[in-house]
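Enquirer: turn this into a model:
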Amino acid sequence: MSYDVAAVRKRFPALAEGTAYFDGPGGTQVPDAVIEAITAPLRDGVSNRATVTAAERRAEDGVHAARSAMADLLGAEPGGVVFGRSMTQLTYDFARTIARQWSPGDEIVLSSLDHDANFRPWVQAAESAGVWVRVAEFTVSSGVLPTEAITGLLGPRTRLVAVTGASNLLGSRPDIPAITAAARESGALSYVDGVHLTPHARIDLRALGADFYACSPYKFLGPHLGALAADPALLGTLRPDKLLPASDAVPERFEFGTLPYELLAGTTAAVDFLAGLDSTAAGDRRTRLLASMIALGAHEEALARRLEDGLRAQGVRCHGDPERERTPTVLFEVDGVPAERVYTELAGRGVNAPSGSFYAYEPARRLGLGEQGAVRAGIAPYTDESDVDRLLDGIAELRSRR
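Expert: Residues are numbered from 1 along each chain as shown. All right, here's what the predicted structure looks like:
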């Protein structure tokens with residue numbers, strides 16, 4: 001296992017300006033290979049998908065390449081990968097489509113740990129279908145969603161369980177395999193928001209047991225896009241609204257209008273870049289991805305520990321339990337200093353660590369964060385020790401001037 005952060009950093013043009021980016025949970029910086037891949041379809045001849053002309057074949061091949069790349073990243077089948085404008089848009093589309101199978105009096109189970117993109121679409125679909133919504137609560141002191149909080153709400157009329165793979169606010173990780181297994185046993189589908197988990201973990205759709213797994217390439221070094229993976233056979237049972245002449249094949253029936261070929265090319269390049277993070281890894285792309293994510297995980301975990309230990313040593317309040325499995329994400333508050341001021345002053349030092357609730361409306365409300373929320377710092381593949389130390393120095397200076 002090998003991880004050379006200095007070599008990785010050289011591949012990110014945005015780092016040349018000297019900023020320390022801790023805003024990866026909201027969207028990462030992009031490596032040169034992804035930038036080049038995005039420009040290629042805009043530079044070369046491209047047409048709508050078909051197989052007659054060279055331009056048509058480039059578009060067709062690009063779509064299949066992106067599906068294969070995402071399948072390798074997620075341990076899924078290429079034919080079960082759906083692309084959309086964002087994870088939020090995909091979840092709204094699937095919520096409306098899945099809800100057609102519900103009847104008044106049915107139930108769905110959601111979690112108060114989730115980003116609103118995996119909460120509100122289901123609430124609104126349930127309201128339209130006359131379905132009951134049950135909400136599993138996470139433990140405020142630890143930031144952990146106990147498995148039994150979900151399983152205790154399952155019943156014979158539960159039709160769906162929607163839960164995050166990792167909290168984008170706290171980084172805490174529910175036991176997804178246990179939750180999805182319980183959902184399946186009760187006869188319910190499971191929909192997992194993998195937006196915050198995918199950049200930091202080895203994902204295997206089959207091992208997770210999720211019926212639907214949604215994520216966002218721009219959170220793992222790619223362009224702004226959404227992707228969803230599911231069993232193609234399951235997708236075949238769903239009938240979304242679509243244009244009459246549009247393909248009824250899976251997964252195309254869920255993709256409305258012409259796909260953004262340049263963003264798909266960037267997505268493929270992002271997955272390839274992730275697969276190369278461990279320079280010693282060999283084998284096919286899936287094998288190299290698994291090795292690279294182990295190396296990346298060790299790098300990110302060490303930096304997250306350095307950051308959180310450094311903050312706690314200064315008396316800064318860090319939310320969540322540092323001993324529980326989490327992504328490298330630290331949510332913190334500086335006593336006596338509004339979160340927005342912390343954000344602004346760090347930005348003045350070239351350290352980007354934003355404040356807010358980050359669309360995690362339910363968990364922020366349950367934590368009592370208030371209108372300004374808290375400061376969130378996330379570790380990314382290009383983060384190094386000097387970035388962490390700059391953030392810690394900035395907090396120390398801010399505290400000295402309170």
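Enquirer: can you tell me the centre-most residue of this protein?
Expert: Relative to the mean C-alpha position of the chain, the nearest C-alpha, by Cα atoms, centre = their mean, is the one of Val195, at 1.2 Å.
Enquirer: just say helix, strand or coil for that one.
Expert: State at Val195, reduced to three classes by DSSP: H, G, I helix; E, B strand; the rest coil: coil.
Enquirer: same deal with Ala377?
Expert: strand.
Enquirer: wait, it touches Thr329, no?
Expert: Yes. Using Cβ atoms under 8 Å, Ala377 is in contact with Thr329, at 7.4 Å. All C-beta atoms are positioned from the backbone trio N, CA, C, and that covers glycine.
Enquirer: which one of the two is surrounded by more residues?
Expert: Set Ala377 next to Thr329 and count neighbours by other Cβ atoms under 10 Å: Ala377 wins out with 30 against 27.
Enquirer: pull the residues that contact stretch 118-127.
Expert: Applying Cβ atoms under 8 Å, 6 or more residues apart in numbering, the contact partners of stretch 118-127 are 88, 91-92, 95-96, 98-99, 102, 108, 110-111, 131-133, 160, 162-164, 191, 193, 214, 361-362.
Enquirer: now it: average pLDDT?
Expert: Averaging pLDDT along stretch 118-127 gives 98.
Enquirer: mind saving the C-alpha coords of that stretch as PDB?
Expert: Output in PDB follows, covering the C-alpha atoms of stretch 118-127 (Å, rounded to 0.1, in the frame of the first residue of the first chain):
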ATOM      1  CA  ASN A 118     -32.800  11.700   1.100                       C
ATOM      2  CA  PHE A 119     -35.600  13.000   3.400                       C
ATOM      3  CA  ARG A 120     -37.800  15.600   1.700                       C
ATOM      4  CA  PRO A 121     -38.400  13.800  -1.600                       C
ATOM      5  CA  TRP A 122     -39.800  10.800   0.300                       C
ATOM      6  CA  VAL A 123     -41.900  12.900   2.700                       C
ATOM      7  CA  GLN A 124     -43.500  14.700  -0.300                       C
ATOM      8  CA  ALA A 125     -44.000  11.400  -2.200                       C
ATOM      9  CA  ALA A 126     -45.600   9.900   0.900                       C
ATOM     10  CA  GLU A 127     -48.000  12.800   1.300                       C
END
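Enquirer: wait, what's in contact with Ala59?
Expert: Taking Cβ under 8 Å, 6+ apart, one finds Pro41, Val46, Ser47, Asn48, Arg49, Ala50, Tyr261 in contact with Ala59.
Enquirer: and Arg402, what pLDDT?
Expert: Confidence at Arg402, expressed as pLDDT, is 69.
Enquirer: so where do the strands sit in the stretch 51-200 of the chain?
Expert: 81-84, 107-111, 132-136, 158-164, 189-193 (DSSP state E, counting those that start in this stretch).
Enquirer: out of these, which gets nearest to Gly236?
Expert: Closest to Gly236 of the strands of the stretch 51-200 of the chain is strand 81-84 (Cβ to Cβ; 12.3 Å).
Enquirer: now, of the contacts of stretch 118-127, which are buried?
Expert: The neighbour count (16 or more other Cβ atoms under 10 Å) marks 88, 91-92, 95-96, 98-99, 102, 108, 110-111, 131, 160, 162-164, 191, 193, 214, 361-362 as buried among the contacts of stretch 118-127.
Enquirer: distance of the residue nearest to the centre of the chain relative to Ala339?
Expert: Going from Val195 to Ala339 by Cβ to Cβ, to the nearest Å gives 22 Å.
Enquirer: do Arg173 as well
Expert: 24 Å.
Enquirer: count the neighbours of Pro31 for me.
Expert: 26.
Enquirer: meant to ask about Leu244, not that
Expert: With other Cβ under 10 Å as criterion, Leu244 counts 5.
Enquirer: equivalent analysis for Gly373, please.
Expert: 21.
Enquirer: cool, and Gly45?
Expert: Residues near Gly45, counting by other Cβ under 10 Å: 11.
Enquirer: dump the residue contacts of the closest residue in space to it that isn't next to it in sequence.
Expert: Of all residues beyond its chain neighbours, the one nearest Gly45 is Ala55 (4.1 Å), with distances taken as Cβ to Cβ, 6 or more residues apart in numbering. Residues in contact with Ala55 (Cβ under 8 Å, 6+ apart) are Asp44, Gly45, Val46, Ser47.
Enquirer: my guess is Val109 meets Ala149, correct?
Expert: No. Val109 lies out of contact with Ala149 (Cβ under 8 Å); the separation is 9.4 Å.
Enquirer: give me the common contacts of the two.
Expert: Common neighbours of Val109 and Ala149, using Cβ under 8 Å, 6+ apart, are Ala136.
Enquirer: and the pLDDT at the closest residue to Ala117 other than its chain neighbours?
Expert: Once flanking residues are discounted, Ala117 sits nearest to Thr88: 4.2 Å by Cβ to Cβ, 6+ apart. Listed pLDDT for Thr88 reads 98.
Enquirer: so what's the spatially closest residue to Leu235 that is not a sequence neighbour scoring on pLDDT?
Expert: Residue nearest to Leu235 in three dimensions, not counting chain neighbours: Val250, with 4.6 Å by Cβ to Cβ, 6+ apart. Listed pLDDT for Val250 reads 98.
Enquirer: ok but Val250 is inside a helix, no?
Expert: No. Under three-state DSSP, Val250 sits outside any helix and is assigned coil.
Enquirer: distance of it from Glu77?
Expert: Taken as Cβ to Cβ, the span from Val250 to Glu77 is 10 Å.
Enquirer: for Ala374, name its beta-bridge partners.
Expert: Going by DSSP bridges, Ala374 is paired in beta bridges with Gly356.
Enquirer: quick one: contacts for it?
Expert: His319, Leu331, Phe332, Glu333, Ala339, Ser355, Leu367.
Enquirer: now the residues you listed in JSON lines, with distance to Glu185 and pLDDT?
Expert: Putting the contacts of Ala374 into JSON lines (distance: Cβ to Cβ, whole Å; pLDDT from 0 to 100) gives the following:
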{"residue": "His319", "distance to Glu185": "33", "pLDDT": "97"}
{"residue": "Leu331", "distance to Glu185": "33", "pLDDT": "98"}
{"residue": "Phe332", "distance to Glu185": "39", "pLDDT": "98"}
{"residue": "Glu333", "distance to Glu185": "40", "pLDDT": "98"}
{"residue": "Ala339", "distance to Glu185": "42", "pLDDT": "97"}
{"residue": "Ser355", "distance to Glu185": "41", "pLDDT": "98"}
{"residue": "Leu367", "distance to Glu185": "31", "pLDDT": "97"}
